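Asks: Give the three-dimensional model of this entry:
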Amino acid sequence: MSQPGPRTVEHEIAVSAPAEAVYRLIAEVVNWPRIFPPTIHVDRLEHTDREERIRIWATANGAPKSWTSRRVLDPDNLRISFRQEVSTPPVAAMGGTWLIEPVDATACRVRLLHDYRAVDDDPAGLAWIDEAVDRNSRSELAALKTNVEFATAAEEATFSFEDTVSVAGSAKDVYDFINEAHLWSERLPHVAEVRLDEETPGLQTLEMQTRAKDGSTHLTKSYRVTFPHHRIAYKQFTLPPLMSLHTGIWTFAETDEGVAATSQHTVVINAANIARILGPQATLADARRYVQDALSTNSRATLGYARDHAERNRP
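Replies: Next comes the predicted model:
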């Protein structure tokens, strides 16, 4: 059992990339869901040249959490400090610093410092935080190293696309259809089974058995962050074998004609599985086309049913 009181811990990793490039990657929080495995979604709430306020949704020990932090950016010294404004129990207070230290022109050392306390200095709560900080710090640093060192390969394997439908109805009705994912197995032919949990309002866990064109099914697990009635952001944590990352955002924008409902995807192809899934002659381009076709087919189908639902409910 952990001893009560404040805790200070440090993690570090060597990265074969210029220190300035690593700093930029950490500073650009909108890309964190793509870079850091625990991160689900990040919103930049306020910002100046050197300070910003952000809201982060991420997993800690397998459970989704959310908090708001303030960051101080120091590009001259390659340093970023952060402090949670309101922490989520069992965390009473949390802060820290990213330090990027050049080794030479092509390598650096990244140090990640944390200081924290548990609510009421509870030893069990502190032990939970110890495990979560250690797990997430190691995961974030390993992912940072991978994403920087293999930036070229990741760029080729990473792509984004979107599908949009026009709806002669209200944004609320379209949003409600996407938000009410627990009904998808009744409403969407390509969803065989579904489970939706929302212990914290606006933060959902979604598990689905989805049917492919050949009739096979595959399990996906996503965490979703909802913003009624404008958008729903998500990140898949259980993925099909051809993807090593999949994030997306459903958006619902009012127009003169009604609503523009859009499904946006960002994907990283798992190149190691291309030959096994698509055959030995398949290329990265083949995998991109295959994945985009599969995701777009389901997105367009879902948007179509959402449109029908909203237009039936139109006054």
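Asks: Pull the contacting residues for Y175.
Replies: 228-230, 232, 250, 252 (Cβ atoms under 8 Å, 6 or more residues apart in numbering). Using the backbone N, CA and C atoms, a C-beta is placed for each residue, glycine as well.
Asks: From the residues you listed, which land in strands?
Replies: 232, 250, 252 (DSSP state E).
Asks: Reformat those residues into CSV and put distance to E207, neighbour count and pLDDT next to each item.
Replies: Output for those, formatted as CSV (distance: Cβ to Cβ, whole Å; neighbours: other Cβ atoms under 10 Å; pLDDT from 0 to 100):
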residue, distance to E207, neighbour count, pLDDT
I232, 16, 23, 98
W250, 18, 25, 98
F252, 24, 26, 98
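Asks: And the strands in the protein?
Replies: Going by DSSP E, the chain shows strands at 7-15, 39-47, 51-60, 63-74, 79-86, 91-104, 107-118, 158-167, 191-200, 203-211, 217-227, 231-238, 243-254, 259-269.
Asks: coming back round to it: show me which pair in the contacts of Y175 is furthest apart.
Replies: Greatest spacing in the contacts of Y175, by Cβ to Cβ: P228 and W250 (11.8 Å).
Asks: where does the residue positioned nearest the centre of the chain land on pLDDT?
Replies: By Cα atoms, centre = their mean, the chain has its centre lying nearest to I40, at 2.8 Å. On pLDDT, I40 comes in at 95.
Asks: do the same with A157
Replies: Looking at A157, the pLDDT reads 87.
Asks: circling back to that earlier point, quick one: which of the strands of the chain is nearest S299?
Replies: Closest among the strands of the chain, using Cβ to Cβ: strand 259-269, at 3.8 Å.
Asks: what mean pLDDT does stretch 200-217 have?
Replies: 88.
Asks: hmm, back to that, Throw the contacts of Y175 into TSV and include distance to I26, thanks.
Replies: Supplementary listing: those in TSV, determined by distance: Cβ to Cβ, whole Å:
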residue	distance to I26
P228	31
H229	33
H230	28
I232	27
W250	28
F252	32
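Asks: Specify which member of these is nearest to P189.
Replies: Closest to P189, out of all of the contacts of Y175 and judged by Cβ to Cβ, is W250, at 18.9 Å.
Asks: What count of nearby residues applies to N77?
Replies: 10 (other Cβ atoms under 10 Å).
Asks: What distance do you get for it to G96?
Replies: 16 Å (Cβ to Cβ, to the nearest Å).
Asks: same check, this time on T226
Replies: 28 Å.
Asks: Looking at these two now, which is surrounded by more residues?
Replies: G96 (22 against 19).
Asks: what residues are up against the more buried one?
Replies: The contact partners of G96, by Cβ under 8 Å, 6+ apart, come to 81-82, 112-115.
Asks: just those residues now: which is nearest P201?
Replies: F82 (25.1 Å).
Asks: For the closest one, list the residues it contacts.
Replies: Counting by Cβ under 8 Å, 6+ apart, F82 makes contact with 69-72, 95-98.
Asks: which helix of the chain spans the most residues?
Replies: helix 284-312 (DSSP state H).
Asks: and it, how far out from the chain's middle?
Replies: Offset of helix 284-312 from its chain centre (Cα atoms, centre = their mean, to the nearest Å): 20 Å.
Asks: just stretch 43-63 next, same as before
Replies: 12 Å.
Asks: what's the answer for stretch 13-30, then?
Replies: With Cα atoms, centre = their mean as the basis, stretch 13-30 stands 18 Å off its chain's centre.
Asks: Other residues contacting that stretch?
Replies: Against stretch 13-30 from outside (Cβ under 8 Å, 6+ apart): 31, 35, 42, 44, 52, 54, 56, 71, 73, 75, 78, 80, 98, 100-103, 105-110, 141-142, 144-145, 147-149, 151.
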